[in-house]
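Visitor: 3D model of this:
(2 chains)
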Number of protein chains: 2
Amino acid sequence: MEEVRLIEVKEEIMSDNDAVANSLKDRLAKEKTFLMNLMSSPGAGKTSLILKTLEGLGDQLRVGIIEADIDSMVDAEKVSAQCVATVQLRTGGFCHLDASMVEKGLNSMDLGKLDLVIIENVGNLVCPAEFDTGAIKNVMILSVPEGDDKPLKYPLMFSVCDVLLVNKIDYLDFSDFDIKAMRERVLNLNRNIKIFEVSARTGQGVEAWIDWLKNEVTAFIG
Amino acid sequence: MEEVRLIEVKEEIMSDNDAVANSLKDRLAKEKTFLMNLMSSPGAGKTSLILKTLEGLGDQLRVGIIEADIDSMVDAEKVSAQCVATVQLRTGGFCHLDASMVEKGLNSMDLGKLDLVIIENVGNLVCPAEFDTGAIKNVMILSVPEGDDKPLKYPLMFSVCDVLLVNKIDYLDFSDFDIKAMRERVLNLNRNIKIFEVSARTGQGVEAWIDWLKNEVTAFIG
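Guide: Purely as a prediction, here's the structure:
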């Protein structure tokens, strides 16, 4: 188990978020570290998906995790038990991460030793979609129990993401989730989004997602 | 089916939310209309629970609904199909309702004809907890698929609510949700919260919740 660093972050109201995000992207390109921003509702399975991804990646990539949490360290502790570099950003009631907060997290990591940093954003389908964190790719999770109408209700989140992970597909049999209707709604908002159907619990579909991630990271770090 | 009124709302940055909320409470006491604020993550079952509550109440109370939605009117249309007065507040990307927005909704309703108005807040476990809407009671839903650790991660929401509806208990058999641990975590934050275990889908437990609501409304409107 790695030690978890804890950083308290606050929004810097005056900062130009896009400028900070863009300078972060330049720095990540130079450092050859791929930054991925993972967003979802509370309880959609961000932490479980990260744990499953770490398990699947094994030692093929050197991974660090930035955990955003309003108040607790439960997720960071679960993740650091997998022996990856983990930084906990305690947002103190704040509902999203911005680029300055992520920068603070990255500053406390040794990027020279990391191929991939995954941000586990605050569980929220609204606010995190509005802030560029500096990530190279934005990934969201929609879990089956949340319902197939979520693209209609939280369109910005589905529009800004490069990948949609439809998690908890092992719940499909017990639910009236219409996966075809959901896909159409999502593609209406965002024709280029990649969709993977997965279950972090059973492992179903996770391999295809990990292959995609590995390819993206490898292409980026060269 | 009732007609749905649509109101566009924006945050009034300069307004003193608590003052507006308190004056709303005075007005509701005079009008004898009970205002209930329903909050949860996206997909926890707010709309389904409202529909089940309307069904259980029948014509025992005269009910109006204020639907907050970022962009769509899907929920308002479902609810108005039950022939209750429905107002849709379109928040345009905004992540919560404040008292001024709710006031706009109430102003467009005939409160003299309503015993109970239910606000379906934006699906978000973070921001709505920070704003007093003027409601007499705050009610939240936590659904089983979200996980039993949510009180640790979103403590403010659990602290400000009078009632917790643990929804989708028909999923308990397929999940590792520890309801005893969840209860302890919630009661640690808020000793006075009432907890009901329900399933809006099967109807299990809904009667006890409706009885509680009916008693509260009756006591309030005298």
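Visitor: give the contact list for the most centrally placed residue in chain A.
Guide: What sits nearest the mean C-alpha location of chain A, by C-alpha atoms, centre = their mean, is residue A:38, with 1.1 Å. Residue A:38 sits next to A:46, A:49-50, A:118-121, A:139-141 when contact means C-beta atoms under 8 Å, 6 or more residues apart in numbering or on different chains. For glycine as for every other residue, the C-beta is placed from the backbone atoms N, C-alpha and C.
Visitor: in three-state terms, label it for me.
Guide: strand (DSSP: H, G, I helix; E, B strand; the rest coil).
Visitor: picking up where we left off before, can you put the contacts of residue A:38 in JSON lines and add distance to chain B and pLDDT?
Guide: Listed next are the contacts of residue A:38 as JSON lines, based on distance: C-beta to the nearest C-beta, whole Å; pLDDT from 0 to 100:
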{"residue": "A:46", "distance to chain B": "11", "pLDDT": "95"}
{"residue": "A:49", "distance to chain B": "13", "pLDDT": "96"}
{"residue": "A:50", "distance to chain B": "14", "pLDDT": "96"}
{"residue": "A:118", "distance to chain B": "18", "pLDDT": "97"}
{"residue": "A:119", "distance to chain B": "16", "pLDDT": "96"}
{"residue": "A:120", "distance to chain B": "11", "pLDDT": "95"}
{"residue": "A:121", "distance to chain B": "11", "pLDDT": "96"}
{"residue": "A:139", "distance to chain B": "17", "pLDDT": "98"}
{"residue": "A:140", "distance to chain B": "11", "pLDDT": "98"}
{"residue": "A:141", "distance to chain B": "12", "pLDDT": "98"}
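Visitor: and which of those is nearest residue A:158?
Guide: Of all those, residue A:158 sits closest to residue A:140, with 7.2 Å by C-beta to C-beta.
Visitor: returning to what we had before: now the contacts of residue A:38 as JSON lines including secondary structure, neighbour count and distance to residue A:89?
Guide: Rendered in JSON lines, the data for the contacts of residue A:38 read as follows (DSSP: H, G, I helix; E, B strand; the rest coil; neighbours: other C-beta atoms under 10 Å in any protein chain shown; distance: C-beta to C-beta, whole Å):
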{"residue": "A:46", "secondary structure": "helix", "neighbour count": "29", "distance to residue A:89": "14"}
{"residue": "A:49", "secondary structure": "helix", "neighbour count": "24", "distance to residue A:89": "19"}
{"residue": "A:50", "secondary structure": "helix", "neighbour count": "23", "distance to residue A:89": "15"}
{"residue": "A:118", "secondary structure": "strand", "neighbour count": "24", "distance to residue A:89": "13"}
{"residue": "A:119", "secondary structure": "strand", "neighbour count": "28", "distance to residue A:89": "9"}
{"residue": "A:120", "secondary structure": "strand", "neighbour count": "26", "distance to residue A:89": "10"}
{"residue": "A:121", "secondary structure": "coil", "neighbour count": "28", "distance to residue A:89": "10"}
{"residue": "A:139", "secondary structure": "strand", "neighbour count": "26", "distance to residue A:89": "18"}
{"residue": "A:140", "secondary structure": "strand", "neighbour count": "28", "distance to residue A:89": "19"}
{"residue": "A:141", "secondary structure": "strand", "neighbour count": "27", "distance to residue A:89": "19"}
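Visitor: quick one: secondary structure of the nearest residue to residue A:195 once chain neighbours are set aside?
Guide: Distances taken as C-beta to C-beta, 6 or more residues apart in numbering or on different chains put residue A:164 closest to residue A:195, at 4.8 Å, once the chain neighbours are dropped. Three-state assignment for residue A:164 (three-state DSSP): strand.
Visitor: I'd say residue A:164 and residue A:193 touch.
Guide: Yes: with contact defined as C-beta atoms under 8 Å, residue A:164 counts as touching residue A:193 (5.5 Å).
Visitor: which neighbours do these two share?
Guide: Common neighbours of residue A:164 and residue A:193, using C-beta under 8 Å, 6+ apart, are A:158, A:186.
Visitor: need the contact list for the residue nearest to residue A:195.
Guide: Each residue near residue A:164 by C-beta under 8 Å, 6+ apart is listed here: A:139-142, A:158, A:186, A:193-196.
Visitor: distance check, it against residue B:69.
Guide: As judged by C-beta to C-beta, to the nearest Å, residue A:164 and residue B:69 stand 21 Å apart.
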